Structures are given as structure tokens and as C-alpha cells.
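Trainee: got a predicted structure plus its sequence, pasted below:
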Amino acid sequence: MIAICPHCQKKLNLSAKTEESIKLLGPGKSVRLACPQCGGAIALDATMVNAVATTQAVSSLPKVTGQQIPPPPPPDLSGLSSFHAEGKTTMEDVPKVLIMMPSSSDYYLVANAMESMGYQCSFVQSADEAMDKMQFIKYDSIILYSPYKNGALEKSVFHQFMRAMNMNKRRHIFYILIGPDFHTLYDLQALACSANLVVNEQDLPQISIILRTAIPHYEAMFGTIISETNTLGR
């Protein structure tokens with residue numbers, strides 16, 4: 001252990017045994033030693049020895065001269081985009097449904113049923129407005145009333161738009177047709193109409209039960225396939 005004489009400022013070496021003895025001194029106690037260089041009396045206590053040890057430990061660290069140590073990089077914030085507070089969801093997580101029906105009691109039956117299942121409802125005034133919205137908004141479900149705007153389904157511009165849609169986008173949309181000529185939950189008729197579900201308008205009082213039966217059934221059948229195709233980029 002090396003200490004400095006306060007009189008001549010010369011270094012003096014303390015043996016390991018002397019150092020340990022000083023460290024064991026109680027508070028307020030010290031040891032008087034004579035400097036071998038100038039003979040001056042030196043009083044050392046435990047705090048002084050510990051302070052010298054700390055100074056030497058710091059001075060022994062490697063020094064970098066002539067260059068600056070670069071600071072650590074900033075934290076990676078990429079995970080924030082996928083973070084969700086517990087018990088909460090973002091607007092992107094809320095499924096959306098586009099409803100093309102005239103404003104009536106039947107419309108409110110359908111809208112209330114979809115909202116009860118957690119969907120955010122959107123209403124449009126025309127087929128053109130619906131197609132414009134679909135360019136910028138991802139809808140999980142679309143509901144079309146077949147006589148919408150006094151036209152037959154075969155002549156519906158929007159229905160033809162849905163039938164011609166690229167499958168990469170179409171497979172993510174649960175397309176529902178409502179009208180007087182459909183047989184509720186008739187899968188063969190839905191397939192023939194390029195839809196996922198058909199509902200007769202007379203059965204709309206039970207629309208909530210119909211949706212809660214059809215949508216989970218569809219997700220159970222095709223959810224895994226859709227997820228796999230997404231993974232493969234198809």
C-alpha cells in the first residue's frame with residue numbers, strides 16, 4: 001500500500017500487515033508512524049487507508065488518449081408499435097364492418113348485432129362511396145342488402161366489384177348478403193353468390209344469433225388456412 005507523507009510529499013510503502021492493522025482500527029483511533037524520508041510524524045486511520053485504496057483502484061483503470069469513447073446507441077423503439085397496454089386495444093385491433101343498407105329498423109338490427117360482437121360499423125350512401133373507402137380502410141366484414149338502391153343483385157356494381165376482387169384481399173373479408181330471396185345460413189347459395197353468408201330479411205330479428213353462429217364457424221374452418229397463407233405471403 002502506498003501513502004503520501006504530508007510533510008515531504010514523498011511516497012512511503014506500507015506493508016500488507018501494517019495496512020491490515022490500520023483497517024481494523026475503530027472510529028477515532030489512529031496509528032502514528034515516522035516518515036523514513038524526513039522523520040516527520042504521520043497519523044493514519046482506517047478512513048485514510050480506504051481512501052487511498054479507492055484512489056488507486058480508479059487510477060488503475062485503462063485510459064483512452066487521443067480519441068473519444070463513442071456513447072452507447074439509443075434504445076430500440078421498434079417494439080413500441082406492437083405493444084398493447086394490458087386490457088386495452090388500439091383502433092387497428094378493432095374489426096370493422098361496412099354496411100350497405102337503407103336507414104331503417106332492419107339496418108339498426110344489423111348494426112347493433114355487429115357492435116355487440118365488437119365490430120365498428122361504417123355506413124355509406126352509395127356503391128361508389130363504399131369502393132372509395134375500401135381503398136384506404138381494411139374492413140373485416142361487409143354487409144350488402146341485395147335490393148340496395150333499388151337494383152337487383154346481378155346488376156349491383158358493388159357486388160360485381162366484390163366478385164372481381166383479388167383473392168389476396170377478398171379472403172380477409174366476411175361478405176354477407178341480406179335480401180328477400182335468400183335462405184338463411186344456406187352455404188350452397190352463399191357460395192353461388194360469391195358470399196360467405198346469406199340471410200333472408202325475414203330472419204333479421206334473429207340476426208345476432210345468426211352472426212354468432214356463422215362467423216365463429218367460418219373462422220374455425222378457414223382461420224388457420226388464412227393465417228398460413230399470410231405467413232407464406234400469399
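Mentor: Received the coordinates, thanks.

Trainee: just the strands from the chain, written as ranges.
Mentor: Secondary structure of the chain by DSSP state E: the strands cover 2-4, 11-13, 31-34, 41-44, 96-100, 120-123, 141-145, 174-179, 197-200.

Trainee: I'd like the mean pLDDT over the third one, please.
Mentor: Just to be clear, that refers to strand 31-34. On average, the pLDDT along strand 31-34 is 70.

Trainee: local confidence estimate at Gln67?
Mentor: Gln67 carries a pLDDT value of 64.

Trainee: nope, Thr89 is what I was after
Mentor: Model confidence at Thr89, given as pLDDT, is 51.

Trainee: quick one: Ser141 from Asp128, how far?
Mentor: To Asp128, Ser141 is 20 Å away according to CB to CB, to the nearest Å. The way it works is simple: take the backbone N, C-alpha and C, and place the C-beta from them, glycine included.

Trainee: looking at those two, which is more packed in?
Mentor: For Ser141 versus Asp128, the count of surrounding residues by other CB atoms under 10 Å is larger for Ser141: 22 against 11.

Trainee: for that one, give me its contacts.
Mentor: 95-98, 114, 119, 173-176, 215 (CB atoms under 8 Å, 6 or more residues apart in numbering).

Trainee: of these, which is the most crowded?
Mentor: Ile176 (25 neighbours).

Trainee: surely that one meets Leu204?
Mentor: No - Ile176 is beyond contact range of Leu204, at 11.5 Å (criterion: CB atoms under 8 Å).

Trainee: what mean pLDDT does stretch 10-20 get?
Mentor: Across stretch 10-20, pLDDT averages out at 70.

Trainee: helices of this protein, start to end?
Mentor: Here the chain has its helices, by DSSP state H, at 16-23, 46-59, 105-116, 127-134, 157-163, 167-170, 187-192, 207-231.

Trainee: lowest average pLDDT across the ones you listed?
Mentor: helix 46-59 (a mean of 53).

Trainee: can you give me the separation between Phe136 and Ser122?
Mentor: 12 Å.

Trainee: more neighbours: the two, which one.
Mentor: Ser122 (16 against 6).

Trainee: tell me who's in contact with that one.
Mentor: Contacts for Ser122 (CB under 8 Å, 6+ apart) come out as 96-99, 133, 137, 139.

Trainee: now with 10 Å?
Mentor: By CB atoms under 10 Å, 6 or more residues apart in numbering, Ser122 lies in contact with 96-100, 111, 130, 133, 137, 139, 142.

Trainee: next one: Asp132
Mentor: Listed by CB under 10 Å, 6+ apart, the contact set of Asp132 reads 124, 126.

Trainee: can you list the domains in the chain?
Mentor: 2-57, 93-231 (automatic domain parsing).
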